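*Asks:* the sequence isn't on hand, but the structure is:
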Ligand code: GDG
């Protein structure tokens with residue numbers, strides 16, 4: 001598959017610049033790490049790159065053609081206003097600060113979120129237009145977190161990978177993010193989701209669990225109908241983009257200049273985008289502390305700070321820029337002498353030869369982000385030290401720290417100790433320096449960006465292969481056309497519909513899942529066909545079902561998993577009468593669990609007692625549920641009662657109250673039915689599926705294995721296809 005399939009890379013920005021020279025359009029490929037990594041892979045697989053070209057206005061057709069022909073790039077059109085709200089708005093003022101654990105900098109506006117959805121939709125259309133069967137799609141970064149889900153809807157079988165270049169925050173921080181649940185669900189559309197570090201991956205898993213109630217193992221998560229692979233895959237650099245420059249005359253000329261300028265002094269280099277996550281003010285204050293606490297460095301050490309302007313339209317970046325400028329003039333004013341400037345500040349991007357010369361020349365690289373996905377500067381500096389010179393001082397909060405243990409690690413928030421570590425770096429023995437640097441250098445060269453790209457695609461191929469091979473084990477997707485044919489041909493039909501998680505979405509509290517008017521209308525339309533016998537079969541109390549759905553003409557109801565039922569056209573409930581004495585001994589146990597976990601609660605039904613713990617921290621809730629079930633199983637062993645674990649509930653009920661038994665009771669009803677449909681989402685529905693005749697249309701809602709013959713992904717799809725059955729004109733698209 002790897003060699004025959006094309007690769008579609010999708011990122012916010014294209015790796016090309018579109019420039020107009022004397023009325024003529026030309027394109028220039030950027031030498032960024034990602035472009036360098038993807039170029040050989042794209043060449044080999046014959047793929048394309050889809051993204052925004054950076055043009056502020058709509059590109060003319062000739063420029064679009066040029067991008068396609070010369071660079072295999074496809075430009076996504078993002079009008080200026082949309083771009084501002086999507087990119088500067090939600091992506092850079094909500095996602096960026098929050099994912100870097102700066103919740104106080106979060107700025108959320110719902111119109112920015114709408115723009116984020118719209119921009120992701122535009123990317124989705126561009127990819128779908130380009131996609132050919134067999135292609136692999138690789139989506140990059142936080143700008144496009146909804147895209148995997150949108151693509152999955154549009155092209156269900158596509159191979160989709162997603163890589164997050166920035167950190168994934170702890171779940172308590174992530175939970176602050178408005179619309180975070182939608183983002184998580186969006187990313188889960190991918191087959192493979194990869195992060196720089198294992199810690200980011202763990203954070204993601206915890207958010208899935210706490211916000212969506214989705215369980216995962218260390219490298220996999222069960223999404224509706226599919227397994228999604230999770231991986232920690234640290235990005236590398238393209239070594240030749242740096243080592244290859246060392247002998248170039250331009251680099252040598254720059255080196256000469258540096259030697260002349262800083263002769264007799266030690267140089268500490270820092271290279272950052274001017275971003276608050278990179279910790280520039282903290283570094284400057286620490287440098288001031290270093291000069292105060294170690295006066296022997298006065299006149300002997302220079303901090304060469306290269307700061308590339310970034311996101312200058314955003315207010316907080318302008319403030320940062322002023323703060324940095326002020327700090328530098330303060331420190332230079334306080335310590336500088338006529339022949340020594342402590343901090344040399346370059347506030348612009350420099351050329352690649354200049355950058356390589358600086359890396360090669362500097363005695364120390366001081367990389368001190370407060371939070372960073374990876375930090376490529378650390379790796380680039382190390383790549384430029386093939387002889388083992390130089391010392392890397394590295395923040396423990398950069399993803400790079402996870403694999404660069406030989407660096408001198410710092411906590412950039414602790415200025416005193418960081419100053420001490422920088423002083424140590426300045427005095428490190430030659431042997432220790434070399435040992436540390438050579439180990440780092442070798443690893444950076446080996447774990448380069450090509451190895452990263454190959455490994456990502458290999459994992460993606462493997463995951464998709466498994467998905468395709470295992471697909472038959474899970475029920476296949478419901479063939480709605482066939483179902484509709486069978487429905488229309490039948491003279492008598494029986495429809496058994498579960499309620500929660502099937503007709504309505506699961507809610508945190510049972511009484512929040514009330515039916516809406518659309519649902520009542522839908523059911524009324526189904527029951528209005530005299531050929532139909534429609535029953536809602538639920539775990540709910542009879543009284544609830546009656547109150548909510550009792551007014552729908554000719555709708556049958558079955559309550560408490562089939563313990564009692566009311567046939568269509570009748571208002572009389574049938575079934576056993578409830579024996580309730582046992583509740584007095586079980587209730588105190590459940591109350592004890594409620595006391596231990598405020599937020600959980602007990603629901604009392606006629607035949608059952610239920611402990612609900614959906615709003616409890618997921619891991620703690622599951623752990624308590626296991627304890628509760630074990631306790632109740634022992635206590636109830638001699639009775640007809642059993643504890644049953646459902647979706648964030650433990651329900652104690654008689655063994656005979658189940659939907660399978662109901663199926664037997666209803667057998668006379670469906671004896672003459674030429675069409676039987678049963679839909680449900682949880683374990684209680686499995687009993688029903690197992691008892692139905694073989695040719696019945698049993699449909700499981702959501703992921704995971706099931707005895708049902710078919711699967712649909714969610715409640716929206718359920719309503720869609722039921723609605724379709726009610727249409728007179730069968731060709732009408734929904
Ligand atoms: C995101 C994540 C993750 C900088 N100044 C100049 C210059 N640069 C180049 C560096 C380096 C790149 O810019 C910066 O990369 P970082 O990794 O430090 O940071 P982000 O831009 O924030 O990138 C980050 C990365 O994605 C990859 O996954 O590591 O954590 O935030 O390559 O060399 N290049 C030139 N002149 C400069 O003045 N030529």
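*Replies:* That came through, no problem. Remember, it's a predicted structure, so these values are computed and weren't measured experimentally. Residues are numbered from 1 along each chain as shown.

*Asks:* separation between the most far-flung residue of the chain relative to its centre and residue 699?
*Replies:* What lies farthest from the middle of the chain is residue 338; by Cα atoms, centre = their mean that is 53.6 Å. Look at residue 338 and residue 699: by Cβ to Cβ, to the nearest Å, they are 83 Å apart. Heads up, the C-betas are built off the backbone N, CA and C, glycines and all.

*Asks:* pLDDT score assigned to the residue farthest from the centre of the chain?
*Replies:* pLDDT for residue 338: 94.

*Asks:* beyond the strand or helix carrying residue 439, next helix or strand please.
*Replies:* Assigned by DSSP states H and E, residue 439 belongs to helix 430-446. Sequence-wise, the next helix or strand beyond helix 430-446 is helix 449-470, with elements assigned using DSSP H and E.

*Asks:* tell me how far that following helix lies from the chain's centre.
*Replies:* 18 Å (Cα atoms, centre = their mean, to the nearest Å).

*Asks:* hmm, it in reach of the ligand?
*Replies:* No. Helix 449-470 lies out of reach of the ligand by Cβ under 6 Å from any ligand atom, never closer than 9.2 Å.

*Asks:* ok, and what's touching that helix?
*Replies:* 1-2, 7, 33-34, 36-38, 40-41, 136, 138, 157, 159, 161, 163, 191-192, 194, 226-229, 231, 233-238 (Cβ atoms under 8 Å, 6 or more residues apart in numbering).

*Asks:* from those residues, which land in strands?
*Replies:* Assigned to strands by DSSP state E, the following of the contacts of helix 449-470 qualify: 7, 136, 138, 159, 161, 163, 192, 194, 226-229, 231.

*Asks:* between the residues you listed, which is nearest the ligand?
*Replies:* residue 163 (8.0 Å; Cβ to the nearest ligand atom).

*Asks:* what is that closest one paired to in the beta sheet?
*Replies:* Judged by DSSP bridges, the bridge partners of residue 163 are residue 140, residue 194.

*Asks:* how about residue 678, secondary structure?
*Replies:* Assigned with DSSP: H, G, I helix; E, B strand; the rest coil, residue 678 falls in the strand class.

*Asks:* and the residue nearest to it when sequence neighbours are not counted, how far is that from the ligand?
*Replies:* Spatial nearest neighbour of residue 678, excluding adjacent residues (Cβ to Cβ, 6 or more residues apart in numbering): residue 496 at 4.3 Å. Distance from residue 496 to the ligand, counting by Cβ to the nearest ligand atom, to the nearest Å: 51 Å.

*Asks:* that older thread, pLDDT (mean, whole number) over the helix holding residue 439?
*Replies:* Rounded mean pLDDT across helix 430-446 is 97.

*Asks:* which parts of that helix are buried?
*Replies:* 433-434, 436-441, 443-445 (16 or more other Cβ atoms under 10 Å).

*Asks:* can you narrow the residues you listed to ones near the ligand?
*Replies:* Counting by Cβ under 6 Å from any ligand atom, no member of these is near the ligand.

*Asks:* next, count neighbours for the closest residue to the ligand within the stretch 101-250 of the chain.
*Replies:* Per Cβ to the nearest ligand atom, residue 165 is where the stretch 101-250 of the chain lies closest to the ligand, at 3.6 Å. For residue 165, the count of nearby residues is 17 (other Cβ atoms under 10 Å).

*Asks:* ok, now which ones touch it?
*Replies:* 140-142, 196, 235, 373-374.

*Asks:* try 7 Å
*Replies:* 140-141, 373 (Cβ atoms under 7 Å, 6 or more residues apart in numbering).

*Asks:* ramachandran angles for it?
*Replies:* Taking degrees, to the nearest 10, you get phi -90, psi -20 for the backbone angles of residue 165.

*Asks:* what residue ranges in this protein are flagged as low confidence?
*Replies:* By pLDDT under 70, the low-scoring segments of the chain are 1-4, 31-33, 471-474, 729-734.

*Asks:* related to what we said a few turns ago, now, which of the buried residues of helix 430-446 sits nearest residue 576?
*Replies:* residue 443 (69.5 Å; Cβ to Cβ).

*Asks:* contacting residues for that closest one?
*Replies:* residue 403.

*Asks:* that one and the ligand, how far apart?
*Replies:* When residue 443 is compared with the ligand (using Cβ to the nearest ligand atom), they lie 16 Å apart.

*Asks:* now swap in residue 543 and tell me
*Replies:* 56 Å.

*Asks:* ok, residue 268 next?
*Replies:* 16 Å.

*Asks:* confirm that residue sits in a helix?
*Replies:* No. Residue 268: not assigned to a helix; according to three-state DSSP it is strand.

*Asks:* pretty sure residue 366 is one of the things it touches, is it not?
*Replies:* Yes. The criterion here is Cβ atoms under 7 Å, and residue 268 meets it with residue 366 at 5.1 Å.

*Asks:* which one's more surrounded, these two?
*Replies:* residue 366 (30 against 24).

*Asks:* can you name the next helix or strand after the helix or strand that one falls within?
*Replies:* Element membership of residue 366, judged by DSSP H and E, is strand 364-367. Of the helices and strands lying after strand 364-367 in sequence (DSSP H and E), the nearest is helix 376-383.

*Asks:* which helices and strands does that next one pack with?
*Replies:* Other helices and strands packing on helix 376-383, by 3 or more Cβ pairs under 7 Å, 6 or more residues apart in numbering; DSSP states H and E, are helix 240-243, strand 364-367, strand 391-395, helix 430-446.
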